[in-house]
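> how would this look folded up:
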Amino acid sequence: QVQLVESGGGLVQPGGSLRLSCAASGSIFGFGDMGWFRQVPGKQRELVAAINRAGSTNYAYSVKGRFTISRDNAKNTLNLQMNALKPEDTAVYYCSAQNSGLYSGSPDPRKYDYWGQGTQVTVSS
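Next comes the predicted model:
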């Protein structure tokens, strides 16, 4: 069972940047999509960005052009560079992975098999 551990969250002012990292305890080479989700209290967990085995990415409309997801299979890490942050980006961010490519492209969190514990991102002045 691979464990995912996020880091890099924190408090940042609007317009600032943060970089989230996710370290896997084992190889991510065989994983399908890997993604970053976020959740605020009372709302459903939403996909922020995902990257498949081939390196193709997709982003939520609200973060497109501001966030960049990257995956390093050699280092077993997943990263999310977040620029031009807005107060509405405030949430707990989760790293996640699909065990296979069967549901590649799905934004449904139920199609993801592994989850980190989450890291808080707060955008406020």
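> center of this structure, which residue is that?
With distances taken as Cα atoms, centre = their mean, residue 36 lies nearest the centre of the chain, 1.6 Å away.
> that one and residue 121, how far apart?
Look at residue 36 and residue 121: by Cβ to Cβ, to the nearest Å, they are 10 Å apart. In this view, the C-beta of every residue, glycine as well, is placed from N, C-alpha and C.
> which residue is the nearest non-sequential neighbour of residue 62?
residue 88 (7.5 Å; Cβ to Cβ, 6 or more residues apart in numbering).
> what's the neighbour count on that neighbour?
10 (other Cβ atoms under 10 Å).
> what is the burial count for residue 20?
24.
> got a pLDDT number for it?
On pLDDT, residue 20 comes in at 98.
> parallel or antiparallel, list what pairs with the helix or strand it falls within.
Assessed by DSSP states H and E, residue 20 sits inside strand 18-24. With DSSP bridges as the test, strand 18-24 is paired with strand 4-7 (antiparallel), strand 77-82 (antiparallel).
> quick one: the residue nearest to residue 62 from residue 106, how far?
Counting by Cβ to Cβ, the gap between residue 88 and residue 106 amounts to 24 Å.
> on that earlier part again, hmm, the residue nearest to residue 62 is touching residue 63, no?
No - contact criterion Cβ atoms under 8 Å: residue 88 and residue 63 do not qualify, at 10.0 Å.
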